[in-house]
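Enquirer: give me the fold of what follows.
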Amino acid sequence: MGAKYYTHFVLTGESEAEAEAGSRQEFSGVVEVNQTTETRFEPQEIEALLARNFDLDSNEVCLINWSRLQLTCPPRTTPATEGEFQWR
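Expert: All right, here's what the predicted structure looks like:
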């Protein structure tokens, strides 16, 4: 299992004309990295990683935010009841 990060980024499109035409797509959520995560990633490395997952060039990804998530409580071994959050 890799390290999980909250990320917020924008895909700008294949060309400057598309970007200006409003084809930008904004995403946010949790990304799991299945690489050694002891080293700190530079923004350009993160953009390249995200771009590979969308079959884009790294210059087509604009990183807004990237932060590692920390699991602060152990996973539950019993099912969650309605209204409770369950770690997976």
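Enquirer: after the longest helix along the chain comes which helix or strand?
Expert: In the chain, taking DSSP state H as the definition, the longest helix is helix 43-53. Once the chain leaves helix 43-53, the next helix or strand it forms, by DSSP states H and E, is strand 61-68.
Enquirer: buried sites along that following strand?
Expert: By neighbour count with 16 or more other Cβ atoms under 10 Å, strand 61-68 contains the buried residues 61, 63, 66. For glycine as for every other residue, the C-beta is placed from the backbone atoms N, C-alpha and C.
Enquirer: redo those as TSV? Include pLDDT.
Expert: Below are the buried residues of strand 61-68 laid out as TSV (pLDDT from 0 to 100):
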residue	pLDDT
61	92
63	93
66	90
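Enquirer: make TSV from these and add distance to residue 11 to it.
Expert: As requested, the buried residues of strand 61-68 are arranged in TSV below (distance: Cβ to Cβ, whole Å):
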residue	distance to residue 11
61	6
63	11
66	15
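Enquirer: tell me the one among those residues nearest to residue 13.
Expert: Nearest to residue 13, judged by Cβ to Cβ, of those is residue 61 at 10.6 Å.
Enquirer: let me see the contact set for the closest one.
Expert: Counting by Cβ atoms under 8 Å, 6 or more residues apart in numbering, residue 61 touches 9-12, 47-48, 50-51, 54.
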